[in-house]
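A.B. asks: please work out how this folds:
(one chain, ligands or ions: 1)
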Amino acid sequence: MAEPLLRVTDLRKIYGRTWAVDGVTLTVDRGETLAIVGESGSGKSTLARCVARLAQPTSGSVRLDGVELATLSRRRLRPLRPRFQLVFQDPSTSLNPRWTIEQIVREPLRLQGVPGDVPRLLAEVGLDPGLAGRRPHQLSGGQRQRVGIARALALSPDLLILDEPVTALDVSVQAQIINLLLRLQEERGLGYLFISHDLAVVSAVAHRIAVMHSGRLVETGPAERILGRPEHDYTRALVAAVPGG
Ligand SMILES: Nc1ncnc2c1ncn2[C@@H]1O[C@H](COP(=O)(O)OP(=O)(O)OP(=O)(O)O)[C@@H](O)[C@H]1O
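C.D. replies: Here you go, the predicted model:
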């Protein structure tokens with residue numbers, strides 16, 4: 001069988017006495033969205049940060065296309081960074097307010113020393129390339145998140161780690177960003193590790209869902225099965241809490 005794009009095995013992260021991530025095993029294929037759902041404090045963001053190596057895992061394995069990331073030095077990790085990129089929850093804090101949109105989207109290209117077509121990236125995420133000279137505060141929340149996505153796409157990654165990417169947005173804007181993410185996945189064959197506490201959002205994007213509780217995955221399966229016939233009590237409670245669910 002082909003190696004999945006992302007294979008996380010028995011990943012752990014301890015903060016003081018808290019096992020924020022406690023033995024997580026999962027895979028994400030090319031073109032697939034695995035959503036991680038769970039309440040606040042269940043460890044979702046820590047998992048995302050460990051996979052992206054913004055936090056150093058305490059133990060366990062993170063393999064991208066079979067290459068181990070968890071134990072690589074920063075220097076050896078650097079050439080692999082373009083292949084996995086993060087999109088953050090709040091574009092108003094994750095985009096440098098002093099930079100223009102052009103500078104923000106160009107930054108990963110500059111750091112890797114590669115050329116790139118910023119106007120084309122802006123157009124690809126549905127932004128008028130004429131906005132390139134503006135600064136983040138001159139854009140709407142949805143436009144800012146499109147900039148965050150354009151920045152993440154600049155180095156042509158295989159995997160996007162999306163940490164609550166639409167949580168800070170109005171519901172109507174959420175739908176537009178979700179549609180954009182679906183289109184980009186189809187066009188580019190991207191794998192998504194999609195972190196969200198919102199099951200309504202997750203039902204629109206996920207192929208599979210992993211349910212996280214106290215640092216562990218209590219249940220993983222196809223999205224329809226997890227949402228329609230949850231097996232674990234914790235998942236049942238999450239699903240029951242969704243309006244109309
Ligand atoms: N840098 C840190 N230092 C100490 N403890 C931390 C740190 N980051 C997370 N934790 C703890 O790890 C646990 C998991 O937190 P995490 O933020 O990963 O959960 P989450 O599911 O993403 O929650 P939220 O949706 O509120 O961000 C919590 O108990 C949290 O207090």
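A.B. asks: and the residue at minimal distance from the centre of the chain, what element?
C.D. replies: Nearest to the mean C-alpha position of the chain, counting by Cα atoms, centre = their mean, stands Leu162 at 1.6 Å. Assigned by DSSP states H and E, Leu162 belongs to strand 159-163.
A.B. asks: after that strand comes which helix or strand?
C.D. replies: helix 171-188.
A.B. asks: which elements pack onto that next one?
C.D. replies: helix 141-153, helix 199-205 (3 or more Cβ pairs under 8 Å, 6 or more residues apart in numbering; DSSP states H and E). Glycine gets a C-beta too; all of them are placed from N, C-alpha and C.
A.B. asks: check whether the next helix-or-strand element following it contacts the ligand.
C.D. replies: Downstream of helix 171-188, the first helix or strand assigned by DSSP H and E is strand 191-195. No. Residues of strand 191-195 are not located near the ligand by Cβ under 6 Å from any ligand atom, the shortest gap being 6.9 Å.
A.B. asks: kindly report the same for stretch 238-245.
C.D. replies: No. Applying Cβ under 6 Å from any ligand atom, one finds stretch 238-245 out of contact with the ligand, separated by at least 12.4 Å.
A.B. asks: one step back: how about the strand holding Leu162: buried residues?
C.D. replies: Applying a neighbour-count criterion of 16 or more other Cβ atoms under 10 Å, the buried positions in strand 159-163 are 159-163.
A.B. asks: ok, back up a step: who does the residue nearest to the centre of the chain form a beta bridge with?
C.D. replies: For Leu162, the beta-bridge partners are Val87, Phe194 (DSSP bridges).
A.B. asks: so who does it touch?
C.D. replies: 86-87, 181, 192-195 (Cβ atoms under 8 Å, 6 or more residues apart in numbering).
A.B. asks: try Ala20
C.D. replies: Applying Cβ under 8 Å, 6+ apart, the residues near Ala20 are 13-14, 43, 46, 215.
A.B. asks: hmm, who's touching the lowest-mean-pLDDT helix or strand in the chain?
C.D. replies: When the helices and strands of the chain are scored by mean pLDDT, DSSP states H and E, helix 91-94 comes last with a mean of 77. For helix 91-94, contacts defined as Cβ under 8 Å, 6+ apart pick out 88, 136-137, 141, 144-145, 147-148, 168.
A.B. asks: mind redoing it with 7 Å?
C.D. replies: Contacts to helix 91-94, defined as Cβ atoms under 7 Å, 6 or more residues apart in numbering, come from residues 88, 136, 141, 144-145, 147-148.
A.B. asks: show me which of these neighbour the ligand.
C.D. replies: Of the contacts of helix 91-94, not one also sits near the ligand (Cβ under 6 Å from any ligand atom).
A.B. asks: between those residues, which sits nearest the ligand?
C.D. replies: Closest approach to the ligand among the contacts of helix 91-94 (Cβ to the nearest ligand atom): Phe88, at 11.5 Å.
A.B. asks: and the closest residue in space to Arg135 that isn't next to it in sequence, what pLDDT?
C.D. replies: Leaving out its chain neighbours, the residue that sits closest to Arg135 by Cβ to Cβ, 6 or more residues apart in numbering is Thr100, at 6.0 Å. pLDDT for Thr100: 97.
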